[in-house]
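# just need the structure, nothing else, for what follows:
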Amino acid sequence: LLLIVFRDGVVASGVALGRRGALLSLLLLTLVTPAVFYQSRYPFIFMVFPPLVVVAFYADFLGVAVGLMIVTAVATTLTMLGVGPLTLIPDVGRSEQMFTLQVFITTLLVMGFPVAASLNERRKLERKLEILATTDALTGLSTRRRFEDHFLTTWGEALRDRSPVTVMMLDVDFFKAYNDGYGHL
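Below is the predicted model:
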């Protein structure tokens, strides 16, 4: 958790966890984990995995780290109190239960971080594709697609706020001849 906060910064980390989806997914994990570990009747330990994957989708690396801390705190406390699915293992003492819990938490870590990493990489690629689709590679200027998106947003805000909008268009005569003579760059 500390490595992620130092890497991303405190403000960026707070923003990442402050998003609605991140908070709701962590709340889901916070509700499921005690439900799984407070009962000793059914071996539902695997039910912690789906909420952790949801956390990875919405809250990235930091969310997985916080989620793992939540699971670790709840599961360790309840297992030490003698309740939870790990008490269903026959003929084992507290030390074997705690070892099994450590293996379970390690499995959560090994499963949660790669999911967060692949989703993070996908988001980066999507942002890169968005830039490629809306920016001219030669000039670095916005394309018509970005102009239309921006214009529609601005037009909607102007209608809502009843404020004026100005659009200016420039036409440079014989620009093709200039490019042909001096080059595009």
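# tell me which other helices or strands the longest helix seen in the chain touches.
When the chain is parsed with DSSP state H, its longest helix is helix 94-134. With contacts taken as 3 or more Cβ pairs under 8 Å, 6 or more residues apart in numbering; DSSP states H and E, helix 94-134 sits against helix 49-80, helix 144-161. Every C-beta, even on glycine, is put in place using the N, C-alpha and C of the backbone.
# can you put the ones you listed in JSON lines and add mean neighbour count?
Output for those, formatted as JSON lines (neighbours: other Cβ atoms under 10 Å):
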{"stretch": "helix 49-80", "mean neighbour count": "20"}
{"stretch": "helix 144-161", "mean neighbour count": "11"}
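# output those helices as a markdown table; include the columns distance to residue 90.
Listed next are the helices and strands packed on helix 94-134 as a markdown table, based on distance: least, Cβ to Cβ, whole Å:
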| stretch | distance to residue 90 |
| --- | --- |
| helix 49-80 | 16 |
| helix 144-161 | 62 |
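# out of these, which comes closest to residue 181?
Closest of the helices and strands packed on helix 94-134 to residue 181 is helix 144-161, at 25.8 Å (criterion: Cβ to Cβ).
# I'd like the next helix or strand past the closest one.
Next helix or strand after helix 144-161 toward the C-terminus (DSSP states H and E): helix 175-182.
# can you give me the buried ones in that following helix?
Judged by neighbour count (16 or more other Cβ atoms under 10 Å), helix 175-182 contains no buried residues.
# residue contacts, residue 55?
By Cβ atoms under 8 Å, 6 or more residues apart in numbering, residue 55 lies in contact with 22, 25-26, 28-29, 63-64, 66-67, 112.
# what's the distance between it and residue 38?
20 Å (Cβ to Cβ, to the nearest Å).
# now swap in residue 135 and tell me
Counting by Cβ to Cβ - residue 135 and residue 38 are separated by 53 Å.
# ok, residue 57 next?
26 Å.
# confidence score at residue 6?
On pLDDT, residue 6 comes in at 65.
# by mean pLDDT, flag the weakest helix or strand of this protein.
helix 10-18 (a mean of 62; mean pLDDT, DSSP states H and E).
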